[in-house]
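1. predicted model and sequence follow; I will ask about them next.
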Amino acid sequence: MVHIHFIAIGGAAMHNLALAVASKAGYKVTGSDDEIFDPALTHLREAGLLPDEMGWHPERITPDIDAIILGMHARDDNPELVRARELGLKIYSFPEYLYEQTKDKIRIVVGGSHGKTTTTSMILYVLNRLGIEADYMVGAQIEGFERMVRLSDTAKYAVFEGDEYLTSPLDLRSKFLWYHPHVAILTGIAWDHINVFPTFPEYVETFRKFVHSIEPKGAFIYFKGDENLCLLAEELRAKSQESGVKSIPYDAYTGDVAMQVFGRHNMQNLQAAMLACLCIGVAPDDFYREISTFTGASNRLEKIAETADSVAFKDFAHSPSKLKATINAVRERYPEKKLVACMELHTFSSLMADFLPQYKGCMAEADLAFVYFNPKVIEHKKLTPITKDEVRDAFGTKNVEVFTESEALQAKLRSLSYENTALLMMSSGTFDGIKVKELADQLLRQ
């Protein structure tokens with residue numbers, strides 16, 4: 001029996017990896033965390049993996065543990081981590097363990113500042129529909145998939161969403177640098193994670209390292225409308241004789257197959273996914289036939305309410321490029337409807353005063369635009385306070401109204417008429433406890 005212990009098991013990716021490992025024959029999984037919320041709480045409880053009590057318990061780190069998997073939520077002075085290092089136990093980061101389990105497989109990795117979850121989901125959806133087995137890690141729930149992580153002894157392929165954020169408290173490199181793809185996709189580079197990459201050149205550099213981590217004779221699929229990706233492709237072509245890596249530019253899909261997803265950005269994602277599948281032998285006609293029924297990944301432009309003349313969507317958008325792409329997609333889809341767009345500043349980058357100017361003009365296509373942030377979250381993250389006026393000025397368009405109280409935001413939303421309206425709710429958080437689907441349904445039917 002192989003005993004794997006997860007430090008910070010409650011994370012979205014970590015608990016899904018724990019479930020995947022526990023499902024393999026001959027593996028025992030334990031874990032710890034100082035706080036666990038749903039859906040991880042329910043998933044771990046149902047699988048019998050929920051820790052007996054919250055907190056860190058170094059006495060449970062014993063020499064018989066075969067490996068530790070360390071989550072990003074844990075600090076480098078975590079008591080269990082300290083004990084594991086004292087015992088000389090093998091310690092993996094999340095991406096390092098994924099690579100270890102798939103190092104003999106053909107790996108497809110999707111990176112980029114936006115669209116990587118959707119593109120990864122598209123690839124997996126088509127492979128699943130075609131009966132092609134693959135291991136995977138993706139940042140959202142996909143129709144037809146029980147979990148967000150799968151590891152097996154039988155799959156020939158592994159498909160990973162490649163995150164540029166830090167690997168672990170002990171490894172400050174980007175996660176996707178661990179994966180060494182045979183097929184790599186980059187959807188675009190738009191500055192994010194300013195707390196980790198304080199300048200745009202530093203941010204670009206981690207993508208350069210990713211491109212140069214592609215396995216020999218692999219493929220680099222990149223959006224040709226991004227000038228920084230084009231420069232990276234030129235660098236790669238200069239080394240092509242040495243590496244044998246093929247550069248493959250793409251643009252938006254413009255074919256005549258009816259799609260469930262919409263927006264130019266999704267058509268770009270779709271074309272990237274097709275090229276990745278083509279690299280492993282999937283015929284284009286087969287890809288387009290199957291992708292025509294793809295309705296999207298959870299929380300990615302997900303339809304959450306609809307009436308005869310109005311519709312509401314939920315999206316994970318929070319960075320400037322994601323926010324703009326999502327709003328523009330809805331505007332293009334519903335040009336005759338009033339567009340009400342509501343977003344929450346919730347991440348480190350979005351709440352930093354120095355980063356706010358990146359949002360200029362991002363919500364210009366909305367008829368009404370509401371921006372929410374909680375000053376207590378800024379205080380908790382130990383960031384410099386920002387004001388409503390600073391946020392409004394940063395977005396730079398007259399349609400933007402800023403709120404700092406969830407109740408006031410909800411009151412404003414309830415005061416509006418939703419006749420012939422498209423409502424768009426965007427956040428990587430919850431607007432401080434709003435049940436977005438319930439609220440959207442109430443608003444459209446009021």
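-> Okay, I see it.
2. residue boundaries of the strands in the stretch 201-350 of the chain?
-> 219-223, 246-250, 302-306, 311-315, 338-344 (DSSP state E, counting those that start in this stretch).
3. which residues touch the second one?
-> Going back to what we said before, that points to strand 246-250. Contact partners of strand 246-250, identified using Cβ atoms under 8 Å, 6 or more residues apart in numbering, comprise 217-224, 230, 233, 236-237, 240, 268, 271-272, 275. Just so you know, the C-beta spots here come from the backbone N, C-alpha and C atoms, and that holds for glycine as well.
4. that one pairs with which strands?
-> strand 219-223 (parallel) (DSSP bridges).
5. just give me how far the strand it pairs with sits from the chain centre.
-> Distance of strand 219-223 from the chain centroid (Cα atoms, centre = their mean, to the nearest Å) equals 19 Å.
6. separation between residue 61 and residue 6?
-> When distance is defined by Cβ to Cβ, to the nearest Å, residue 61 is 12 Å away from residue 6.
7. which SS class is residue 390?
-> Assigned with DSSP: H, G, I helix; E, B strand; the rest coil, residue 390 falls in the helix class.
8. counting neighbours, what do you get for it?
-> 13 (other Cβ atoms under 10 Å).
9. over to the one 3 residues further on?
-> Residues lying near residue 393 (other Cβ under 10 Å) number 14.
10. buried residues in the helix or strand hosting it?
-> Secondary structure from DSSP states H and E places residue 393 in helix 388-395. The neighbour-count check on helix 388-395 (16 or more other Cβ atoms under 10 Å) flags 391, 394-395 as buried.
11. and what of stretch 8-19?
-> 8-11, 13-19.
12. what segments of the stretch 51-200 of the chain are helices?
-> Counting by DSSP state H, counting those that start in this stretch, the stretch 51-200 of the chain has these helices, from start to end: 79-87, 94-102, 116-129, 200-211.
13. which helices and strands sit right next to the first one?
-> Pointing back at helix 79-87 there. strand 2-7, strand 67-70, strand 91-93 (3 or more Cβ pairs under 8 Å, 6 or more residues apart in numbering; DSSP states H and E).
14. in its sheet, what does the last one sit against?
-> Same thing as strand 91-93. When DSSP bridges is applied, strand 91-93 pairs with strand 67-70 (parallel).
15. separation between residue 230 and residue 220?
-> Look at residue 230 and residue 220: by Cβ to Cβ, they are 11 Å apart.
16. about what we covered before: and the helices of the stretch 51-200 of the chain as TSV, adding distance to residue 420?
-> Listed next are these as TSV, based on distance: least, Cβ to Cβ, whole Å:
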stretch	distance to residue 420
helix 79-87	55
helix 94-102	45
helix 116-129	28
helix 200-211	40
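17. to residue 330, which of those lies closest?
-> helix 116-129 (14.8 Å; Cβ to Cβ).
18. packing partners of that closest one?
-> Against helix 116-129 (3+ Cβ pairs under 8 Å, 6+ apart) you get strand 106-111, strand 134-137, strand 157-161, helix 264-279, helix 284-291.
19. hmm, try it at 6 Å
-> If you count contacts as 3 or more Cβ pairs under 6 Å, 6 or more residues apart in numbering; DSSP states H and E, helix 116-129 packs onto strand 106-111, strand 157-161, helix 264-279, helix 284-291.
20. thinking again about what came up before, now the angle from the helix holding residue 393 to strand 338-344?
-> Interaxial angle of helix 388-395 relative to strand 338-344 (axes from the mean of the first three to the mean of the last three Cα atoms, to 10 degrees): 120 degrees.
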